[in-house]
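Asker: This is a predicted model, with the sequence first.
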Amino acid sequence: MVFENISRNLNAVCDILELGQLERKLLLDFKRIKKEILKVDGKSYEAFRILHNDSLGPGKGGIRFHPNVCEDEVKSLSFWMSIKNSLAGLPYGGAKGGVKINPKDMQPGQLEKVSRAYVRAFHEVLGEDIDVPAPDVYTNAQVMGWMLDEYEKIQGGHRPGMITGKPLSLGGLEFRKTSTSKGGYIVFKELLSKLGKKKATVAVQGFGNAGYNFAKFADKGGFTVVAVSDSGGAIYDKTGLDIDKVKKTKENKRSVTDYDAKKITNEELLELKVDFLVLAAMENQITRQNAKRVKASHIIELANGPVTSEADQILHEKRIKVVPDILANAGGVIGSYFEWVQNKTGNIFEEDYLEKRLENMMKENFKKVYDLHTRKNIDMRTAAYVLAVQRILDAERARGNL
């Protein structure tokens, strides 16, 4: 189902670019689909590593641990990574991985065994110049550390560039922890500038790393964050939430709903009348069923694929502007790129340099997408896809594949 959304979005782009069947087939083909069964402590877990395209460089994309992981999802995410990396101007193709488990039901020792088993199963298709993983849903720096250690044991030497999002002691980058939300916040402010607005109300779906940090940046920036949510539910205060206090409440009591504010459902949060709805949870949150009830003026996709293609059309007809995931959340992979470059070259970048570099890259990418969106009178997602697809196809032509 998720990949059907991808295909529909891509077909619209292909029509605009007047692409032939060969180009369409190339864009929908996958270079490598690898599936394995991980056997850990007598249990079996489905696992995937999928490379969509590597014409621009090695594959790049995260590994998620989640009970809903399936081939369709991982294919879709690897395709999105190809488009995202291309749009960002990075020397990467697109890849993604996953293990079908519920990490919430597992102890750290079990997660370590699964992480190491994953690398043993896929190490032949991983590497700093082949395919570079990173954290994703329910994986983190520690998981990346275990995976790096297992990979280096197999290879018999240090290979820090084979994975990003690692612990700092293993070559990770502090900057990477907030780069997704920083990139999204930069785009948020750029759009406000285009709109000539200095104030805005914001609702944030998802209070993980990306959602929390975006909410924190918006709160500190003087914007009114009226609602946030996590897996336990949502809270609302029209005068604005104290994001630092919400974070402490979640840490102490496990959910944002324990904070002293009006309790609402996740569905109600998606339908609040706000200036900006920031989607930082999972895929397919706004669909054909609820898109008509969305009242936000603008949507920023910090998560991957939170709006379905059918919902996209409804939102476009309602004149709700959607800043697509491949633009809005690219700060994460840009941060990973900085870490990868450090690991490959041995250079150490100063934080101020990285901050400025991220800001410049996000602003430049936003400008390209926004200008095409206004010039061609197409939605921002289509504009972003057009730019990204053109760069991939240019690389394929230069290689003689078209």
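Answerer: Happy to help now that I have it. Numbering: from 1, shown residues only.

Asker: Tell me where this structure has helices.
Answerer: Applying DSSP state H to the chain gives helices spanning 2-17, 21-28, 71-87, 108-122, 141-155, 176-195, 209-220, 243-253, 266-270, 309-317, 325-328, 331-345, 351-376, 380-398.

Asker: where does residue 349 sit relative to residue 329, distance-wise?
Answerer: 21 Å (CB to CB, to the nearest Å). C-beta here means a position set from N, CA and C on the backbone, and glycine is covered the same way.

Asker: When those two are compared, which one has more neighbours?
Answerer: residue 329 (27 against 15; other CB atoms under 10 Å).

Asker: quick one: the more buried one from residue 216, how far?
Answerer: Distance of residue 329 to residue 216, given as CB to CB: 16 Å.

Asker: and what of residue 180?
Answerer: According to CB to CB, residue 180 stands 13 Å off from residue 216.

Asker: out of these two, which sits in the busier spot?
Answerer: Neighbour tally, residue 180 and residue 216, criterion other CB under 10 Å: the higher count belongs to residue 180, 26 against 19.

Asker: Need the nearest residue in space to the more buried one, chain neighbours excluded.
Answerer: Excluding the flanking residues, the one nearest residue 180 by CB to CB, 6 or more residues apart in numbering is residue 332, at 3.5 Å.

Asker: Count the neighbours of the residue nearest to residue 402 when sequence neighbours are not counted for me.
Answerer: Nearest residue to residue 402 in three dimensions, chain neighbours excluded: residue 396, at 4.9 Å (CB to CB, 6+ apart). For residue 396, the count of nearby residues is 18 (other CB under 10 Å).

Asker: My read is that residue 396 contacts residue 31, right?
Answerer: No. Applying CB atoms under 8 Å, one finds residue 396 not in contact with residue 31, separated by 11.6 Å.

Asker: Low-confidence regions, the stretch 101-250 of the chain specifically.
Answerer: Counting by pLDDT under 70, the stretch 101-250 of the chain contains no low-confidence residues.

Asker: among the helices of the chain, which is the most enclosed?
Answerer: Here the criterion is mean neighbour count by mean count of other CB atoms under 10 Å, and of the helices of the chain the winner is helix 325-328, at a mean of 28.

Asker: What helices and strands are in contact with that one?
Answerer: Under the contact criterion of 3 or more CB pairs under 8 Å, 6 or more residues apart in numbering; DSSP states H and E, helix 325-328 touches helix 71-87, helix 176-195, strand 298-301, helix 351-376, helix 380-398.

Asker: if you average pLDDT over that helix, what comes out?
Answerer: For helix 325-328, mean pLDDT is 96.

Asker: how far out from the middle of the chain is that helix?
Answerer: Relative to its chain's centre, helix 325-328 lies at 8 Å (CA atoms, centre = their mean, to the nearest Å).

Asker: cool, stretch 36-53 as well?
Answerer: Worked out by CA atoms, centre = their mean, stretch 36-53 lies 21 Å from the chain centre.

Asker: which residues sit against that stretch?
Answerer: Residues outside stretch 36-53 that contact it (CB atoms under 8 Å, 6 or more residues apart in numbering) are 27, 30-35, 59, 63, 69-71, 74-75, 78-79, 81-82, 93-101, 110, 113-114, 117-118, 121-122, 125-126, 131, 133, 392.

Asker: Surely residue 215 touches residue 244?
Answerer: No. Checked against CB under 8 Å, the pair residue 215 and residue 244 is beyond contact range at 9.9 Å.

Asker: Overlap in contacts, these two.
Answerer: Joint contacts of residue 215 and residue 244 (CB under 8 Å, 6+ apart) do not exist.

Asker: From residue 318, how far off is the closest residue to residue 295 other than its chain neighbours?
Answerer: The spatially closest residue to residue 295, leaving aside those adjacent along the chain, is residue 273, at 4.1 Å (CB to CB, 6+ apart). Residue 273 is 13 Å from residue 318, where distance means CB to CB.
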